[in-house]
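Enquirer: return a 3D structure for these sequence lines:
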Amino acid sequence: MAHWLAASVLVARQALDEAERELVAGLSDSHDAARFSSVALHWLLGLIALACGDVARALDLFERELRQEQSGHLYARECAANTWYAIGAARWRQADVDGARAGFHECLRRVPTHLLARAALGKAESSAHHHSPVDAAIGEAIRCVGDVDHGNRDWDVMKIERALIQAATGNAGWLLPVEPMLNITSRPELWLSVLGLLRRRAA
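Expert: As a prediction, this is how the structure comes out:
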């Protein structure tokens, strides 16, 4: 868990190479006696690979993460849901709409209230579960990714930035730089202000 937390801070600071080294170190530290300690490490490594444009490596890392779903770890099911969401996003990048939807649905089979998978499928936010204003703003932006009639991406970015400014000190939005559906690294100029704000929050 310590390696994952350290890596998430580095992701928020957009130090992806350093975050990757931290995660690799975490995997190296894992051994049979603590085999559950690597849960979520392959997933976050996969998100970093995807943010860097290496879809094939990302999918391989996601598959490795899914092998731990039956480990009995407290967060294994949630992590598997997040991993299936990421797989759906990777398939979306490959213009495989059916594969993307299948990934999002697999995510919702595990966590029906998963905000980002619901958003990617164009579903409304679940009223049965409360999400932070930052997560809600990210979900709203994701819901618009596939909407060809939605031309105001600047407005989506502004809503996320406003939510981050109003958020209490903490880890809100720390994984935004590797959010797979928003694909921030493809248009960094659009996100400069948000990324700068995240760096300051994670300093």
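Enquirer: list the contacts for Leu190?
Expert: 153-154, 157, 184 (Cβ atoms under 8 Å, 6 or more residues apart in numbering). All C-beta atoms are positioned from the backbone trio N, CA, C, and that covers glycine.
Enquirer: just how off-centre is the lowest-mean-pLDDT helix or strand in the chain within its chain?
Expert: Least confident element among the helices and strands of the chain, by mean pLDDT, DSSP states H and E: helix 153-166 (a mean of 90). With Cα atoms, centre = their mean, to the nearest Å as the basis, helix 153-166 stands 17 Å off its chain's centre.
Enquirer: for the helix or strand just after that helix, buried residues please.
Expert: Of the helices and strands lying after helix 153-166 in sequence (DSSP states H and E), the nearest is helix 192-201. Within helix 192-201, the residues that count as buried by 16 or more other Cβ atoms under 10 Å are 194-195, 197-198, 201.
Enquirer: do the same with stretch 185-192
Expert: Trp191.
Enquirer: as PDB, could you dump the C-alpha coordinates of that stretch?
Expert: Output in PDB follows, covering the C-alpha atoms of stretch 185-192 (Å, rounded to 0.1, in the frame of the first residue of the first chain):
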ATOM      1  CA  THR A 185      -1.600  13.600 -22.200                       C
ATOM      2  CA  SER A 186      -3.100  13.900 -25.700                       C
ATOM      3  CA  ARG A 187      -4.000  17.600 -25.100                       C
ATOM      4  CA  PRO A 188      -1.900  18.800 -22.300                       C
ATOM      5  CA  GLU A 189      -2.300  22.500 -23.300                       C
ATOM      6  CA  LEU A 190      -6.000  22.200 -22.500                       C
ATOM      7  CA  TRP A 191      -5.300  21.000 -19.000                       C
ATOM      8  CA  LEU A 192      -2.300  23.200 -18.000                       C
END
